[in-house]
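Undergrad: Sequence first, then the predicted structure:
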Amino acid sequence: MAEPILSVSGLCTEVVSDERVARIVRDVSFDLYPGEILGVVGESGCGKSMMGFALLNLLDPPARVASGSVSYAGQDITKLPHEDLRGIRGNRIAMIFQDPMVSLNPVLTIGEQMMEAVLAHQNVSREEAKARTVEVLEMVGIPKPAERLKAYPHEFSGGMRQRVVIATAFLNQPDIIIADEPTTALDVTIQAQILAEVQKMAAQNGTAVIWISHDMSLLSGLADRVMVMYAGQIVESGSTASIIEQPNHPYTRALMGAIPVPGRKKLEILRGFPPNLLGEFTGCAFAPRCPVARDHCEVERPELRGTELSHARCHYPLQEGARS
Amino acid sequence: MAAYLFQRLIQAIFVLLLVSLLIFMGVYAIGDPIELLVSPDSTVEDIERARAALGLDQPIWTQYRIYLVGLLQGDLGDSFVYNQPTIQLILQRLPATVELGLVAFLFALLMGIPLGLVAGYYADKWADHAIMNGSIFAFSLPNFWQGLLFILLFSVWLNWLPAGDRGEVDQFLGVSSSLATADGWRHIFLPAFNLALFNAALIVRLTRSSIQEVMSSEYIRYARAKGISNRRILLRHAFRNIQIPLVTVLGLELGNLLAYGIITETVFDWPGMGQLLINSIRLNDRPVIVGYLLVVVAMFILINVVVDVLYTLLDPRIKISGSKS
């Protein structure tokens, strides 16, 4: 396999308030390869969005990257000076934000907000920037894009705004796109169109994609590889097929059990809530909710077991072969 | 838009009528001005004759009706004291007040907005602390005292700028104004600066808090994620969004600067409307007091209409129509 384009190692983020520290992302490590679509899945508050922001060093105080590194093209993004970082953001690594209703500036036109992303990174004329903007708006299915450039965000529906945000990420043909639940607000047909567009970019241009979602069924059709996050940690990682068909971690199995599929009469419900990230937990973070936990799980912290591309953080993984 | 402006015009007429009634009654309640107007050794007959000449012997409603009929014809009545049409008195002094107010407003903008942007952008850094502490002095120390200190420093000790009066005037945009001559600018600098300081301090604080609020919004984070430069994020993305609250407050401040520069006008011996008003109040010169306040109310109404129209230019989400409010 080729060299990874992004290499995350021991990434920890924290939010400091009133001398209390909430550790939101805990020791996350993974590699991302060109052309790969990596799904990140987990329930609300598991730290997946914050991990996405940390990858571009976009955390605002009181949140910050506490330790770890994010290597892109031989540089550690968490330690880059501002001007170098600015040259990467939106250019080599683009991000698609979650909520289309608040991510666009309400008093600037769509055209200005998209063209500025081109002009900030490429030495091109306004006409060329405009042509590129129209081109990507067509890709995401905005009808008559050239006429819509003068429109303001409030004149667009939520789905149209999200498509604008998605199209903006395509503008500079980045190496990596970090997408934070971008299709939640879209119709299924538009969603399918955008997923196809993303897959095409990954295949043709070698764009690597990190797709953050809580929708496992969406990821199953899109991602090459899936990471499951729980309480700020990666609890399982592997190829999409193996995660879906042979989950190792009980939490992954619980997520799969909550997906409605034809023929399934009753959805399995995972009781309880994720642990409070303000404190430290001894043992496995999932133990209090785990159907297969034993006394041992409450005490000893499980390490990731398995190969680099397929591993789980569990003392008693569900698949026989993974047990050591 | 036309329907909206027409509606505002009708409202303005009602407001002006109401204000004229209130002030007329208020000034009437202060007392009979006749004793201040006649010489102390007049006979009772002299006083009665003067009272009849000014119409003060009529019942209050009759007096108001006569005033109102004049007002509707654009006549603000004659001053009791100067024996001249009030409108003429006001128009003589209006240019001085307006030029002082406008220059002070310009100074307040030029000082307040950049400093506020810096303070808001570098919140809780040393630049922010320096600017915010400075602004506390500007709006807590009494304005007249600041004015006296400026005169002491710049006029008496350093002898850089004149301490009072309007200096040379010349024709400027069709009115006689200090702004047309270099000497006029030298004269207007200190009083305008003095008048501007308090307002600049308010603008600094408003700009700072608005910028801070906007900078933490999601679209600013998104702009950063696109790799937009800090300069453009502050001056385009953030500043564009705080213009609505700024314009609201700036409109009110402009009104205040035009109408209530009285203290500064007094300190710097500026021959504006402020002095006229103070003299008129002292002598209970009712037509001038009522006339002056009507002019001030009309200015405020005009400024508010301009602010409303500016809203529609600044925020694409706002449309004004005749039916609204």
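TA: Yep, that arrived.

Undergrad: all strands of the stretch 151-300 of chain B, in order?
TA: Under the criterion DSSP state E, counting those that start in this stretch, the stretch 151-300 of chain B contains strands at B:170-172, B:175-177.

Undergrad: I'd like the average pLDDT over the last one.
TA: Per-residue pLDDT over strand B:175-177 has a mean of 68.

Undergrad: now the first one
TA: Mean pLDDT, strand B:170-172: 67.

Undergrad: Equivalent analysis for stretch A:70-83, please.
TA: Rounded mean pLDDT across stretch A:70-83 is 88.

Undergrad: what do you get for stretch A:22-42?
TA: Here stretch A:22-42 scores 89 as its mean pLDDT.

Undergrad: The residue in the stretch 1-150 of chain B positioned nearest to chain A and B:I131: what is the separation?
TA: The nearest approach of the stretch 1-150 of chain B to chain A comes at B:D124, 9.8 Å away (C-beta to the nearest C-beta). Where you see a C-beta, it was placed from the backbone N, CA and C, and this is true even at glycine. Applying C-beta to C-beta, to the nearest Å, the value for B:D124 to B:I131 is 12 Å.

Undergrad: tell me which parts of the stretch 151-300 of chain A are close to chain B?
TA: Residues of the stretch 151-300 of chain A found near chain B (C-beta under 8 Å from any C-beta of the partner chain) are A:152, A:154, A:165, A:168.

Undergrad: okay, B:D124 and B:I131: which has more neighbours?
TA: Set B:D124 next to B:I131 and count neighbours by other C-beta atoms under 10 Å in any protein chain shown: B:I131 wins out with 20 against 11.

Undergrad: Pull the contacting residues for the more buried one.
TA: Applying C-beta atoms under 8 Å, 6 or more residues apart in numbering or on different chains to B:I131 gives the contacts B:115-116, B:118-119, B:204, B:208.

Undergrad: which helix is the longest one in chain A?
TA: Longest helix in chain A, counting residues (DSSP state H): helix A:188-205.

Undergrad: got the residues of chain B near chain A?
TA: Contact residues, chain B versus chain A (C-beta under 8 Å from any C-beta): B:216-219, B:221-230, B:232, B:236-237, B:240-241, B:314-317.

Undergrad: which among those end up buried?
TA: Among those, those classed as buried by neighbour count (16 or more other C-beta atoms under 10 Å in any protein chain shown) are B:217, B:219, B:221-229, B:236-237, B:240-241, B:314-316.

Undergrad: In PyMOL, how would I select the buried members of the contacts of B:I131?
TA: In PyMOL, a selection of the buried entries from the contacts of B:I131 looks like this (16+ other C-beta under 10 Å):
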select buried, chain B and resi 115+116+118+119+204+208
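
Undergrad: Could you tell me whether B:L22 really is in a helix?
TA: Yes: checked against DSSP: H, G, I helix; E, B strand; the rest coil, B:L22 lies within a helix.

Undergrad: how close does A:D76 get to B:G227?
TA: 18 Å.

Undergrad: What of B:H237?
TA: Distance from B:H237 to B:G227, by C-beta to C-beta: 13 Å.

Undergrad: now the strands for the stretch 1-150 of chain A?
TA: A:6-17, A:20-32, A:37-41, A:63-72, A:75-76, A:93-96.

Undergrad: Please, which helix or strand holds the nearest residue to A:R289 once chain neighbours are set aside?
TA: Leaving aside its sequence neighbours, A:R289 sits nearest to A:G272 (C-beta to C-beta, 6 or more residues apart in numbering or on different chains; 4.2 Å). Of the helices and strands defined by DSSP states H and E, none includes A:G272.

Undergrad: Quick check, central residue of chain A?
TA: Centroid-nearest residue in chain A, with C-alpha atoms, centre = their mean: A:I212, separated by 2.8 Å.

Undergrad: now the angle between helix A:188-205 and the helix or strand hosting that residue, please.
TA: Secondary structure from DSSP H and E places A:I212 in strand A:208-213. Angle, strand A:208-213 to helix A:188-205, by axes from the mean of the first three to the mean of the last three C-alpha atoms, to 10 degrees: 160 degrees.

Undergrad: quick one on the thing from earlier: ok, the residue of the stretch 1-150 of chain B closest to chain A - contacts?
TA: B:D124 touches nothing, counting by C-beta under 8 Å, 6+ apart.

Undergrad: wait, is it part of a strand?
TA: No: the assignment for B:D124, made by three-state DSSP, is coil rather than a strand.

Undergrad: Neighbours of A:K150, how many?
TA: Neighbourhood size, A:K150 [other C-beta under 10 Å]: 11.

Undergrad: What residues does it make contact with?
TA: A:K150 sits next to A:109-111 when contact means C-beta under 8 Å, 6+ apart.

Undergrad: for A:G47, phi and psi?
TA: With angles defined as degrees, to the nearest 10, A:G47 shows backbone torsions of phi 100, psi 10.

Undergrad: Now do the contacts for residue 42.
TA: This is for chain A. Counting by C-beta under 8 Å, 6+ apart, A:G42 touches A:48, A:214, A:228-230.

Undergrad: if you could check chain B rather than the one you did, that'd help
TA: Counted by C-beta under 8 Å, 6+ apart, B:S42 has contacts B:A50.

Undergrad: State the pLDDT value of it.
TA: At B:S42, the pLDDT value in this model is 74.

Undergrad: give me the element it is part of.
TA: Per DSSP H and E, B:S42 falls between elements, in no helix or strand.

Undergrad: re the thing from before, quick one: the residue of the stretch 1-150 of chain B closest to chain A and A:R20, what's the gap?
TA: 20 Å.
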